[in-house]
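Asks: Give me a 3D structure for the following:
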Amino acid sequence: MNPRAIVIGASAGGVQALSQVLPHLPADLAVPVLVVVHIPPRKDNALVDLFARKCQLPVKEAEDKETLAPGTIYFAPPDYHLLVETEATLALSSDETVNHSRPAIDVLFETAADAFGEGLIGIVMTGANQDGARGLMAVCEAGGAAIVQDPASAEVATMPAAALAACPSARIAALGDMAAQLETMLG
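Replies: Got it, this is the predicted structure:
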């Protein structure tokens with residue numbers, strides 16, 4: 001595997017879950033990390049400021065038509081779907097909600113799977129709906145790697161359990177092991 005991007009989706013309990021992974025990613029990470037967290041539509045994205053203080057990598061809110069930079073963590077802005085247009089370009093969309101969410105994890109994962117194919121690592125974390133399951137299946141079908149937070153350790157197990165049902169070949173990982181697993185996969 002030659003990873004070219006990482007996509008992460010989380011919902012209920014996601015901030016705590018991401019806090020156990022993103023700050024442990026190395027400063028020399030050579031791929032972009034794209035993150036969707038279900039957040040209320042009319043709020044400022046406090047996640048960027050929160051994680052910018054914790055992480056070794058630059059953290060920013062994704063912008064429409066932005067060129068992806070390696071070693072940068074991009075958060076989907078509130079009330080916009082985050083899409084990957086090509087290997088190098090992001091897009092934002094205000095299309096209808098998916099799984100009652102905008103941003104939706106499935107939208108990011110499916111477009112990233114199209115853009116990166118086997119060069120994509122998809123991660124589904126804690127959450128209370130099915131979002132991410134269909135997207136993770138797209139990652140697997142494109143030849144990418146799938147990691148799912150151990151449902152037993154998730155604050156809300158519904159989302160990781162649905163992801164595992166959709167993509168049974170996914171690696172199951174405890175949050176404390178995820179950053180190390182990523183480093184191994186990235187070689």
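
Asks: need the strands for this structure, in chain order.
Replies: In the chain, the segments counted as strands under DSSP state E are 5-10, 33-37, 59-61, 73-75, 81-86, 89-93, 120-124, 145-149, 171-173.

Asks: Of the ones you listed, give the one that comes closest to D114.
Replies: Ranking the strands of the chain by distance to D114, with Cβ to Cβ as the measure, places strand 81-86 first at 7.5 Å. In this view, the C-beta of every residue, glycine as well, is placed from N, C-alpha and C.

Asks: For that closest one, the averaged confidence score.
Replies: For strand 81-86, the mean per-residue pLDDT is 95.

Asks: what's that strand packed up against?
Replies: With contacts taken as 3 or more Cβ pairs under 8 Å, 6 or more residues apart in numbering; DSSP states H and E, strand 81-86 sits against strand 33-37, strand 89-93, helix 105-116.

Asks: if we go to 6 Å?
Replies: Packed against strand 81-86 by the contact rule (3 or more Cβ pairs under 6 Å, 6 or more residues apart in numbering; DSSP states H and E) you find strand 89-93, helix 105-116.

Asks: one step back: give me whichever of the strands of the chain is most buried.
Replies: strand 120-124 (a mean of 30; mean count of other Cβ atoms under 10 Å).
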